[in-house]
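K.L.:
Sharing a model that was predicted from the sequence below.
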Amino acid sequence: MTVLRPVRLVVLLALVVAGCAQQGRETVREPSSATALAPQMSLRKAYEEAAARGRPVHRVDTAQSLVVITVRRGGSLGHLGHDHVVASHAVQGWVAPEAGRADLFVPLAELAVDEPVLRAEAGLDTQPSASDIAGTRTNMLDKVLDTQAFPYALIHVASVDRTASGVRLNVTLTLRGVTRTFAVPALVEAGGDAMEVGGSFEFNQSDFGIVPFSILGGAVQVQDRLSLRFRIRSRRAALPGDLAD
């Protein structure tokens, strides 16, 4: 199984956060310094100003929010490897419901790999060893996501369109210096001072410039297509100061 470890290392790395059921429309490269800065310092001000004007502004309830991506193996010898689940329990940020705007950030160093409950929910039929999981996570963070230079995935919701089945979020996602624009289908539930946005969809890791791992002429490979589900819960901030950590 040692020779197959790269499958379990590389496959997990397009993985964070938000994506879309539709193909992204543009890719640009940004300086690493833009994403190396803690995003909350530059993003929070606009929401504090909106709250000061009496506009409803929500802060993400990190403990009740979750992003999960399932990565599946492929190829004629794919059964020799493992499917994987990567999750973030650390999504942070703010939402301005009236403006249809949100800014979220995911600390990549806090990503979890192959939690048993999430593997079971995804219906995965194999179980990697503890050492495999640890090695996969280390290589994911250091070699592909390069979290020292790019510690966050940044998600900006610019607007929201109503659809027959829910809403469509117009999202800009920045990951490892690559920015993509997507249209993301979602459902919204709101009541009192709380709101939840959730959904599931698929996207390609190659949308972010990652070439899916493949060896032996494709007999062992990582599927380009990834499945993502998300649940983002938020609560209205009573005062502008409530938006800060």
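P.N.:
Looks like it came in fine. Numbering: from 1, shown residues only.
K.L.:
Now do residue 160: how many residues are near it, please.
P.N.:
21 (other CB atoms under 10 Å). Glycine gets a C-beta too; all of them are placed from N, C-alpha and C.
K.L.:
ok, and the closest non-adjacent residue to it?
P.N.:
residue 100 (3.8 Å; CB to CB, 6 or more residues apart in numbering).
K.L.:
Which parts of this structure are helices?
P.N.:
Assigned by DSSP state H, the helices in the chain fall at 5-10, 32-36, 40-52, 116-121, 130-139.
K.L.:
From the contact counts, what lies against the third one?
P.N.:
In this structure, helix 40-52 packs against strand 92-96, strand 101-107, with contacts taken as 3 or more CB pairs under 8 Å, 6 or more residues apart in numbering; DSSP states H and E.
K.L.:
mean confidence score for that helix?
P.N.:
Mean pLDDT, computed over helix 40-52, is 80.
K.L.:
And residue 228, how far from residue 106?
P.N.:
Using CB to CB, to the nearest Å, we find residue 228 at a distance of 12 Å from residue 106.
K.L.:
what's the burial count for the closest residue to residue 108 other than its chain neighbours?
P.N.:
Closest residue in space to residue 108, ignoring its immediate chain neighbours: residue 147 at 4.6 Å, by CB to CB, 6+ apart. Applying other CB under 10 Å, we find 17 residues neighbouring residue 147.
K.L.:
Equivalent analysis for residue 49, please.
P.N.:
Neighbours of residue 49 using other CB under 10 Å come to 12.
K.L.:
next one: the one 3 residues further on
P.N.:
For residue 52, the number of neighbouring residues by other CB under 10 Å comes to 12.
K.L.:
Need the pLDDT of residue 63.
P.N.:
So residue 63 comes in at 95 (pLDDT).
K.L.:
Relative to residue 90, how far out is it?
P.N.:
From residue 63 to residue 90 the distance is 10 Å (CB to CB).
K.L.:
Flag the shaky bits of this structure, pLDDT-wise.
P.N.:
1-41, 74-81, 144, 211-215, 217-220, 239-245 (pLDDT under 70).
K.L.:
Look through it and report the residue furthest from the middle.
P.N.:
residue 53 (31.0 Å; CA atoms, centre = their mean).
K.L.:
Packing partners of the longest strand along the chain?
P.N.:
When the chain is parsed with DSSP state E, its longest strand is strand 178-191. Packed against strand 178-191 by the contact rule (3+ CB pairs under 8 Å, 6+ apart) you find strand 28-29, strand 167-175, strand 194-204.
K.L.:
any idea which of those strands is most buried?
P.N.:
strand 167-175 (a mean of 21; mean count of other CB atoms under 10 Å).
K.L.:
hang on, the earlier thing: these two touch, right, the residue nearest to residue 160 and residue 156?
P.N.:
No: look at residue 100 against residue 156 with CB atoms under 8 Å: they stay out of range, at 11.6 Å.
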